[in-house]
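[1] Have a look at this prediction, sequence included:
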Amino acid sequence: MTDKDYLMLAIETSCDETSVAIVRGGREVLANVVSSQIETHRRFGGVVPEIASRKHVETITRILQEAFEQAGVRRGDIDAVAVTQGPGLIGALLVGVVAAKSLAMALDVPLIGTHHIAGHIYANRLIGDIVFPALALVVSGGHTELVLLEREGVFRIVGRTRDDAVGEAYDKVARALSFPYPGGPYIDKLAQTTEEEVELPRAWLEPDSFDFSFSGLKSAVLAEINRAKMKGEALNQGALARGFQASVIDVVTTKAMRAAQAFGVRQLLLCGGVAANRGMRERLTSLCEAARLPLLIPPPSLCSDNAAMIAAAADLKWRRGAFTPLDMVAGAQLSLEEWSVSDDSVSS
Amino acid sequence: MKDSQTGPAYVWEAHSEADTVRFAEKLAELSRPGTVLALDGDLGAGKTRFAQAFARGLEVPGLVNSPTFTIIKEYEGGRLPFYHMDVYRLSIAEADELGLEEYFEGDGVSLVEWASLIEPLLPPERLHIGIALTGPASRRLTCRPIGEAYAAWCRTLGMQAIEEEEETP
């Protein structure tokens, strides 16, 4: 085995999904099994593990087994074990961390505790080369952040949400319109059913800020729903969804482009679960084309939580020999900036 | 009224966002290890805004944003650890599995958004706070203390006691 062919097993259990991946050389995905995948459901007839860590416990052994089968490798072939150390739901994280530690110990291979958001960002490395400096727009259920990568593996948060994450804002608006959880995809679809649009506010915050705020927009949507109710008018849900989506996408993409220019980046990376949103992908693609800025967007399967992205980020530490001691603890609020690699001696 | 232990409810009329912030900060000053605030109010009532002001009152450093997705966010570095929860997505059974009592009985202060959804799991003593819109920036904060300690808080804050009629969430 050369270093480039090493096999990494990665585990991700930070929130709703239980996922195990086996990745060769940090980039070649041999297996990436996610518990909510339809085949797995069919096969096990199980319920999607919603939140409870116990569900992760029940699922992880089977998902591990399935990953080995799909990849066609044996346990003894594994050279390193990576796991999401944080951030996330602590009980959920613990299950993955305990499983990873046990495997690393049993196989006598290094353990690499990995940051969940670094994983989302490095999902892009599974589909292309990252060119530095790069800017990542991370949009997911729990996160809305602009992250600057001045060089490989070094993360600086230059903007973040001050209240709701984009995914949360979508879900809360969907809740107000009585769609079931998670409601984001309903809004995305509803927005495409009409050409009409309710004009809603955009929160730009201070002129030099790359932060986001969606609570005002959420209030404006609620006010619109109440106004229709008071007047006894039928609510044009499609136009409202379209107006909401237009406001979110306008603010998020405009700020990303502004930050890209301010920091002189050579590439933009879109990532996180909401990166699967069609409106968001289309707008950012056309803005980047106009600005001649290269853009990477992973396919939807690598946008939502998955373990292959964790292996892609853990590769940063593998190549530097920066392993994690077995007494590592999961961190519900692990810092991305502190997880950055600390030196430049890469053996790639 | 939901709970036989409940005495009178207390009301604080906040005429502006600054008023709401001031009230949250005063509650933070009174907080001790094990304090539990059970917050309810409609979508957009300002629960997270209230929690941000409360966290500032606890001198929690850095940004406090919505816990909806991760359900629990823990903050260290303030006068007391701060546990910020949003239980909207949880069933009682799921909330029970999360072991919330470890937070409630811990060294920090817990603030639970949508707390009425998990009322049976809340500790025996807590302060219920209902936030209701009375205008674009004004809010009515209705406190239902459960336990003498929290009733004393309401009196300390000079809140107006009312007979509760229709205000149950």
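    Received it, and whenever you're ready, just let me know what you need.

[2] for chain A, which spans come out with low pLDDT?
    A:1-2, A:36-52, A:343-348 (pLDDT under 70).

[3] now the strands: where do they sit in it?
    For chain A, the strands defined by DSSP state E cover A:7-12, A:19-24, A:28-34, A:80-86, A:111-115, A:134-139, A:144-149, A:156-160, A:267-271, A:295-296.

[4] nearest to chain B, of those strands?
    Nearest to chain B, of all those, is strand A:156-160, at 6.8 Å by CB to the nearest CB. Just so you know, the C-beta spots here come from the backbone N, C-alpha and C atoms, and that holds for glycine as well.

[5] The closest one pairs with which strands, and in what direction?
    When pairing is defined by DSSP bridges, strand A:156-160 lines up against strand A:144-149 (antiparallel).

[6] How about the residues of chain B by chain A?
    B:42-44, B:48-49, B:52, B:63, B:65-66, B:68-75, B:89-90, B:94, B:97-99 (CB under 8 Å from any CB of the partner chain).

[7] I'd like to know how far A:Ala311 sits from chain B.
    Per CB to the nearest CB, to the nearest Å, A:Ala311 is found 23 Å from chain B.

[8] Measure how buried that residue is and give me the count.
    Residues within reach of A:Ala311, counting by other CB atoms under 10 Å in any protein chain shown, total 36.

[9] Could you do the one 5 residues further on as well?
    A:Leu316 is surrounded by 23 other residues when neighbours are defined as other CB under 10 Å.

[10] ditto for A:Thr18
    Neighbour count for A:Thr18, taken as other CB under 10 Å: 31.

[11] check contacts around it.
    A:Glu12, A:Val34, A:Ser35, A:Pro49, A:Lys55, A:His56, A:Thr59, A:Ile60, A:Ile63, A:Val95, A:Gly96 (CB atoms under 8 Å, 6 or more residues apart in numbering or on different chains).

[12] Now tabulate the strands of chain A in TSV and tack on mean neighbour count and distance to A:Pro180.
    Listed next are those as TSV, based on neighbours: other CB atoms under 10 Å in any protein chain shown; distance: least, CB to CB, whole Å:
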stretch	mean neighbour count	distance to A:Pro180
strand A:7-12	28	25
strand A:19-24	27	23
strand A:28-34	20	21
strand A:80-86	27	27
strand A:111-115	26	31
strand A:134-139	27	21
strand A:144-149	25	23
strand A:156-160	17	28
strand A:267-271	26	26
strand A:295-296	20	32
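
[13] Is it possible to get a markdown table of those strands that adds distance to B:Phe23?
    What follows is those, written out as a markdown table (distance: least, CB to CB, whole Å):
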| stretch | distance to B:Phe23 |
| --- | --- |
| strand A:7-12 | 41 |
| strand A:19-24 | 43 |
| strand A:28-34 | 44 |
| strand A:80-86 | 33 |
| strand A:111-115 | 37 |
| strand A:134-139 | 34 |
| strand A:144-149 | 29 |
| strand A:156-160 | 27 |
| strand A:267-271 | 39 |
| strand A:295-296 | 46 |
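
[14] can the helix ranked longest in chain A be found next to chain B?
    In chain A, taking DSSP state H as the definition, the longest helix is helix A:237-262. No. For a cut-off given as CB under 8 Å from any CB, helix A:237-262 has no contacts with chain B; the smallest distance is 13.1 Å.

[15] Can you give me the buried ones in that helix?
    Within helix A:237-262, the residues scored as buried using 16 or more other CB atoms under 10 Å in any protein chain shown are A:237-249, A:251-253, A:255-260.

[16] Run the angle between that helix and strand A:134-139 for me.
    Inter-element angle recorded for helix A:237-262 and strand A:134-139: 160 degrees (by axes from the mean of the first three to the mean of the last three CA atoms, to 10 degrees).

[17] Packing partners of helix A:237-262?
    Counting contacts by 3 or more CB pairs under 8 Å, 6 or more residues apart in numbering or on different chains; DSSP states H and E, helix A:237-262 packs against strand A:134-139, strand A:144-149, strand A:156-160, helix A:166-176, helix A:184-191, helix A:215-231, strand A:267-271, helix A:278-291.

[18] What subset of the residues of chain B next to chain A is buried?
    For the residues of chain B next to chain A, buried by 16+ other CB under 10 Å: B:43-44, B:48-49, B:52, B:65-66, B:68-75, B:89-90, B:94, B:97-98.

[19] In strands, which of those appear?
    Using DSSP E, those in strands are B:Ile72, B:Lys73, B:Glu74, B:Tyr75.

[20] ok, now which ones touch A:Arg266?
    By CB under 8 Å, 6+ apart, A:Arg266 lies in contact with A:Val131, A:Phe132, A:Pro133, A:Ala134, A:Leu293, A:Pro294.

[21] try A:Pro182
    Applying CB under 8 Å, 6+ apart, the residues contacting A:Pro182 are A:Gly141, A:Gly167, A:Asp171, A:Ala174.

[22] number of nearby residues for the last one?
    For A:Ala174, the tally of surrounding residues (other CB under 10 Å) stands at 22.

[23] re the thing from before, most neighbours, which of the contacts of A:Pro182?
    When neighbours are counted by other CB under 10 Å, A:Asp171 leads these with 25 neighbours.

[24] Next SSE downstream of the helix or strand bottoming out on mean pLDDT in chain B?
    The weakest-scoring helix or strand in chain B, judged by mean pLDDT, DSSP states H and E, is helix B:92-98 (a mean of 80). Following helix B:92-98 in sequence order, the next helix or strand is helix B:101-104 (DSSP states H and E).

[25] and the nearest residue to A:Gly264 once chain neighbours are set aside, what is it in contact with?
    Using CB to CB, 6 or more residues apart in numbering or on different chains and skipping the chain neighbours, the partner closest in space to A:Gly264 is A:Pro133 (6.8 Å). Counting by CB under 8 Å, 6+ apart, A:Pro133 makes contact with A:Leu148, A:Leu149, A:Glu150, A:Arg151, A:Phe263, A:Gly264, A:Val265, A:Arg266.

[26] next one: B:Pro120
    B:Ile92.

[27] Return the distance of the closest residue to A:Ala276 other than its chain neighbours relative to B:Leu58.
    Closest residue to A:Ala276 apart from its sequence neighbours, by CB to CB, 6+ apart: A:Pro300 at 4.1 Å. Distance of A:Pro300 to B:Leu58, computed by CB to CB, to the nearest Å: 40 Å.

[28] more neighbours, these two?
    B:Leu58 (24 against 12).

[29] That one contacts B:Leu80, doesn't it?
    Yes. B:Leu58 is within contact range of B:Leu80, at 5.8 Å (criterion: CB atoms under 8 Å).

[30] Need the residues touching each of the two.
    B:Ser31, B:Val109.

[31] which residue ranges form the helices in chain B?
    Using DSSP H, helices in chain B cover B:17-30, B:47-57, B:92-98, B:101-104, B:148-156.

[32] Indicate which one of those is closest to A:Thr193.
    helix B:47-57 (30.3 Å; CB to CB).

[33] A:Asp77 - how many residues pack around it?
    Applying other CB under 10 Å, we find 16 other residues in the vicinity of A:Asp77.

[34] typo on my end, it should be B:Glu59
    Quick note: B:Glu59 (other CB under 10 Å) scores 12 neighbours.
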